[in-house]
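Chemist: generate a structure from the sequence data that follows.
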Amino acid sequence: MRRPDAITTDSEATRPLSDPRGVVLITVLWIMVGLSLLALTLAATVRTEATLARASGEAEQAYFFARGALEAVLYRMAYPDPDPERQQAFFPYAGGMNHYRLRGRDLRCHVAVMDEAGKLDLNTAPPEILERLLRMVGANSFRAESLAAALDNWRNPDPGDGAAASGRRRFRFVEELLQVPGFDRELLYGRPRRQRDGRTVFQRGLMDFLTVYTASPRVNVNYAAPEVLAALPGMSRDEARSLVAARARRLLEGSDLSGRTPAEALPFLTTEPSLTFSLTATAWLEGSSTRRSLRVVARRDPRSRLGHQRLVWYDQYWPSPRVRRFSAPASASGPDARRSARAPLKGDPWTS
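Modeler: Got it, this is the predicted structure:
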């Protein structure tokens, strides 16, 4: 016999266990969450694309402004002002280089002008000097000695190894060092290096200290890096730093060298400028952290229609810290730039 409270009607037996309106509400909520995530992702993508497009446009403007500055400097150097003082005012000297600044409405550009004679010529530098330079860029004594010997053997190959009739082979570009056994890209272009205090610094490579355009074993002391000066015979690091400090505010003359350098180094030093120079132009927009740097190596040539020859041009270039510290905005170019040429840049916002 069934209990009365156990009796169920047909309508109660067919009633669903849950309300369908709750399922619909949860589904709608999940759809809204998905749409919100999609909208956030789309907004972030659009914002990123807009930032990249703005940076690309700023880099493009900086590139052409830097290129225009290079053309202006090449013209001023090929056809200098008849007044030497005015010409010097356009290119004030500081920090082992000359400076030229160009200003547009929103654009700024700094051009570092350096004599290529401030570097060691790869074709004429003696092996012992190259060995000392290799130690300066981080090679140990054994590797530096073997690399200097391999480099000298490459310059003076055995007959039948592709040597010229004179028995000597010349480098046309510094990058050809990679053809010499033992040389690698880190040694040529530099590499990060951890110091004893734990800080990581960039070890500069041979590209910053070598050239192939002067055909002279002598180095211009007014434009040489301390590493180049310290690689000369008899020259210590302290003596190299002393020369760099002495040229901080003015160009050194020949009479300034006798009391500051050892006798062994004097035959390898000069204060006379060469006809070949290197220009590094860095341009940026005001308020932007994007920088574009270009470099050209040119030689004065009165016989040329342009007054110079362009030996090599780099559309993408990463300037050394020695150059970057001077690339700060200035109020003007020309005579007013003399004071600003010594103003270092705070921070290092390079992105080129």
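
Chemist: and the next element down the chain from the host helix or strand of E128?
Modeler: According to DSSP states H and E, E128 maps onto helix 127-136. Per DSSP H and E, the first helix or strand lying C-terminal to helix 127-136 is helix 141-155.

Chemist: gap between the helix or strand following that next one and the chain center?
Modeler: Scanning forward in sequence from helix 141-155 by DSSP H and E, the next helix or strand is helix 185-189. Chain-centre distance of helix 185-189: 14 Å, with CA atoms, centre = their mean, to the nearest Å.

Chemist: equivalent analysis for stretch 179-191, please.
Modeler: Per CA atoms, centre = their mean, the centroid offset for stretch 179-191 relative to its chain is 17 Å.

Chemist: what's the end-to-end length of it?
Modeler: Terminal residues of stretch 179-191 lie 19 Å apart, using CA to CA, to the nearest Å.

Chemist: now do stretch 217-236
Modeler: 19 Å.

Chemist: for the strand or helix carrying E239, packing partners?
Modeler: If you go by DSSP H and E, E239 is part of helix 237-246. Packing contacts for helix 237-246, counted by 3 or more CB pairs under 8 Å, 6 or more residues apart in numbering; DSSP states H and E, involve helix 226-230. Using the backbone N, CA and C atoms, a C-beta is placed for each residue, glycine as well.

Chemist: now for the helix it packs on, which elements pack on it?
Modeler: Checking 3+ CB pairs under 8 Å, 6+ apart, helix 226-230 ends up next to helix 127-136, helix 237-246.

Chemist: count the residues that sit near V24.
Modeler: 10 (other CB atoms under 10 Å).

Chemist: and it, what does it touch?
Modeler: Neighbouring residues of V24 by CB atoms under 8 Å, 6 or more residues apart in numbering: there are none.

Chemist: would you map out the domains in this protein?
Modeler: For the chain, automatic domain parsing gives the domain ranges 64-118+274-340, 121-208.

Chemist: what's the spacing between Y189 and W30?
Modeler: 54 Å (CB to CB, to the nearest Å).

Chemist: which one's more surrounded, the two?
Modeler: Higher neighbour count among Y189 and W30: Y189, with 15 against 10, using other CB under 10 Å.

Chemist: surely the more buried one and L210 touch.
Modeler: No. Between Y189 and L210 there is no contact under CB atoms under 8 Å: 11.8 Å.

Chemist: just for the stretch 251-352 of the chain, where's the confidence low?
Modeler: Scanning the stretch 251-352 of the chain with the threshold set as pLDDT under 70 gives 328-352.

Chemist: which parts of it are strands?
Modeler: Here the stretch 251-352 of the chain has its strands, by DSSP state E, counting those that start in this stretch, at 269-270, 276-285, 292-300, 308-314.

Chemist: export the ones you listed to a markdown table and append columns for distance to V111.
Modeler: As requested, these are exported to a markdown table (distance: least, CB to CB, whole Å):
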| stretch | distance to V111 |
| --- | --- |
| strand 269-270 | 24 |
| strand 276-285 | 5 |
| strand 292-300 | 9 |
| strand 308-314 | 14 |
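
Chemist: re earlier: name the stretch among the helices and strands packed on helix 226-230 that sits most buried.
Modeler: helix 127-136 (a mean of 20; mean count of other CB atoms under 10 Å).

Chemist: re earlier: between the helix holding E239 and helix 127-136, how big is the angle?
Modeler: Interaxial angle, helix 237-246 versus helix 127-136 (axes from the mean of the first three to the mean of the last three CA atoms, to 10 degrees): 80 degrees.
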